[in-house]
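Participant: sequence and computational prediction follow.
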Amino acid sequence: MRVAVVYFDKEQGPVSDIAEALAHGIGEQGHDVKLVNARLDTNVKLTMYEYIAVGTAPLSLFSKKLDPSLETFIKNAGTVSGKRCYAFVKKRGLRTFRVLQGLMKILEREGVILKTSDIINSREEAAYIGKKLHITK
């Protein structure tokens, strides 16, 4: 199954580390995984993927806001309506749960089927989640 792990982070930040570990764990299940940095790869289309994992982090320690480019990317990412999805947020600051709620609202507005979501603390936790994530139809 084709899986896209989309993350919103600077080139090598904490979210990219978690996304790489998650993609590695999903790949160990035997899926074809593509890692996409949505901040840099703005013209990527997610239409051809059957499962999408989307992750980000709070903008600051006290912020509950999301990067505005996240919503723009999801809207311009092709047909995502009806696709199954996993949402994750890097644990950072005091309002991480609110950031996860905001991410889930954006995804659901675009019509994705949100299967599960997590707040991830470490790279090891992300790899474990990737191995155990139920992706098959």
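Facilitator: Cool, got the structure.

Participant: partner strands of the helix or strand where residue 35 lies, with direction?
Facilitator: Using DSSP states H and E, residue 35 falls within strand 32-37. Here strand 32-37 is paired, per DSSP bridges, with strand 2-7 (parallel).

Participant: which of the helices and strands in the chain ranks last by mean pLDDT?
Facilitator: Ranked by mean pLDDT, DSSP states H and E, the weakest helix or strand in the chain is helix 68-75, scoring a mean of 82.

Participant: next, the buried residues of that one.
Facilitator: Going by neighbour count (16 or more other Cβ atoms under 10 Å), the buried part of helix 68-75 is 70-71, 73-74. Where C-beta positions appear, they are placed from N, C-alpha and C, glycine not excepted.

Participant: closest to residue 35 among those residues?
Facilitator: Residue 35 lies nearest to residue 73 out of these, by Cβ to Cβ, at 14.6 Å.

Participant: what's the closest non-adjacent residue to the closest one?
Facilitator: Nearest non-adjacent residue to residue 73, counting by Cβ to Cβ, 6 or more residues apart in numbering: residue 38, 4.5 Å away.

Participant: show me what contacts that neighbour?
Facilitator: By Cβ atoms under 8 Å, 6 or more residues apart in numbering, residue 38 lies in contact with 6-8, 44, 69-70, 73.
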